[in-house]
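Chemist: show me the folded form of this:
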Amino acid sequence: METIGLLAGIGTLPVEFVEAVKSQGYRVVCIAVIPGIDERLKTKADVYYEISAFKLNKVIKTLVSENVKEVTMIGKVTKEWLFKNHPIPDLRAIKVLNRLRKMDMKDDTVTLVLVEELAKDGISVLDQTKYLKPLMPGPQVFTKKKPTEDQLKDVAFGFKAAKAIGAMDLGQTVVIKNQAVMAVEAIEGTDACIRRGGQLARGGAVVVKTAKPSQDTRFDMPAVGLKTLHSMEESGCAVLAIEAYHTLFAEREAVLKEADQKGIVILSVEQENL
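Modeler: Residues are numbered from 1 along each chain as shown. Take a look at the predicted model:
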């Protein structure tokens, strides 16, 4: 049985990945690289480890010992975590961090350096979407409630703004109201951005999430789920728009059921149709 590795971050997507891969006959070795990983992974993965990303040599040698040739990185690992308390890095991680100090700490830079490090031990990084195509819907309005003309104008404006910050590798999410930017995603992550933007808008804000213009599909694909919806509810946001064919929509059934109950609009859009 062929083995696929999973370096898991926070959220439900790692669980959905494991379920999808195992349904196709693969063995899954999961390494939780930060705290707060979905507990279900412990039983759903064939083999489960908890090893800090700062123990990089141990992470890679564990994958090698489990005969992993291909790995995917799914789940949120925010840069905010890098600046919090964490275990003392091992020598391999220190060397990587020293390389990054001479470069930058953009999301793609950090991840590409990790990709290079894995390759040194014969491990390639999979396209995140390879086994998750069904989670990436085409253009449609998902909810019973439809967007108004003014909300669609905010979606179009927000789409351009999200692509602009994506081109700078800042984030993938913006919060808009009346074609004014309430918040853009940065180091704090999507949910904090949504809560901040929604509070500043004082209700009725539109959340737009897109892929970066030069999105590397091996990592950091945009994703939404129940946590996204809950952040919107907490801050009074009214609409969630995602980029069609380029956004992973996790927990879709539960999200749409709750969105319909709360009167929140969810849709997916294509850039050329805005």
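
Chemist: worst-scoring helix or strand of the protein, pLDDT-wise?
Modeler: helix 79-82 (a mean of 61; mean pLDDT, DSSP states H and E).

Chemist: packing partners for whichever helix or strand comes after that helix?
Modeler: Going down the chain from helix 79-82, the next helix or strand is helix 91-101, by DSSP states H and E. Applying 3 or more CB pairs under 8 Å, 6 or more residues apart in numbering; DSSP states H and E, we find helix 91-101 packed against helix 56-65, helix 107-119. Where C-beta positions appear, they are placed from N, C-alpha and C, glycine not excepted.

Chemist: name the residues of the shortest one that come out as buried.
Modeler: I take that to be helix 56-65. 56-60, 62-63 (16 or more other CB atoms under 10 Å).

Chemist: same list (those residues) but as JSON lines, adding pLDDT and distance to residue 259.
Modeler: Putting these into JSON lines (pLDDT from 0 to 100; distance: CB to CB, whole Å) gives the following:
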{"residue": "56", "pLDDT": "95", "distance to residue 259": "39"}
{"residue": "57", "pLDDT": "96", "distance to residue 259": "44"}
{"residue": "58", "pLDDT": "97", "distance to residue 259": "41"}
{"residue": "59", "pLDDT": "97", "distance to residue 259": "37"}
{"residue": "60", "pLDDT": "97", "distance to residue 259": "40"}
{"residue": "62", "pLDDT": "98", "distance to residue 259": "39"}
{"residue": "63", "pLDDT": "98", "distance to residue 259": "38"}
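
Chemist: which one of the residues you listed is nearest to residue 263?
Modeler: Residue 263 lies nearest to residue 59 out of the buried residues of helix 56-65, by CB to CB, at 43.9 Å.

Chemist: contacting residues for the closest one?
Modeler: By CB atoms under 8 Å, 6 or more residues apart in numbering, the contact set of residue 59 is 7, 31, 33, 51, 53.

Chemist: from these, which has minimum pLDDT?
Modeler: Looking at these by pLDDT, the weakest one is residue 53, with 90.

Chemist: give me the neighbour count for that residue.
Modeler: Residues near residue 53, counting by other CB atoms under 10 Å, number 22.

Chemist: that one reaches residue 33, doesn't it?
Modeler: Yes. Using CB atoms under 8 Å as the test, residue 53 is close enough to residue 33 to be in contact (4.1 Å).

Chemist: and for the two, which residues touch both?
Modeler: Common neighbours of residue 53 and residue 33 (CB under 8 Å, 6+ apart) are 7, 59, 77.

Chemist: nearest spatial neighbour of the first one, skipping sequence neighbours?
Modeler: In space, and not counting its chain neighbours, residue 7 is closest to residue 73: 4.6 Å by CB to CB, 6 or more residues apart in numbering.

Chemist: how far away is that neighbour from residue 239?
Modeler: Using CB to CB, to the nearest Å, we find residue 73 at a distance of 30 Å from residue 239.

Chemist: same question, residue 86
Modeler: 36 Å.

Chemist: after the helix or strand containing residue 157, which helix or strand is next?
Modeler: Using DSSP H and E, residue 157 falls within helix 149-167. On the C-terminal side of helix 149-167, the closest following helix or strand by DSSP H and E is strand 173-177.

Chemist: quick one: the helix or strand that comes right after that next one to chain centroid distance?
Modeler: Going down the chain from strand 173-177, the next helix or strand is strand 180-184, by DSSP H and E. Distance of strand 180-184 from the chain centroid (CA atoms, centre = their mean, to the nearest Å) equals 20 Å.

Chemist: so which bits of strand 180-184 are buried?
Modeler: For strand 180-184, using 16+ other CB under 10 Å, the buried residues are 181-184.

Chemist: just the closest of these to residue 143, please.
Modeler: residue 182 (21.5 Å).

Chemist: from memory the closest one sits against residue 202, does it?
Modeler: No. Contact criterion CB under 8 Å: residue 182 and residue 202 do not qualify, at 9.5 Å.

Chemist: quick one: low-confidence ranges for the stretch 51-200 of the chain?
Modeler: Flagging of the stretch 51-200 of the chain using pLDDT under 70 yields the residue ranges 78-85, 105.

Chemist: I appreciate the help and will end here.
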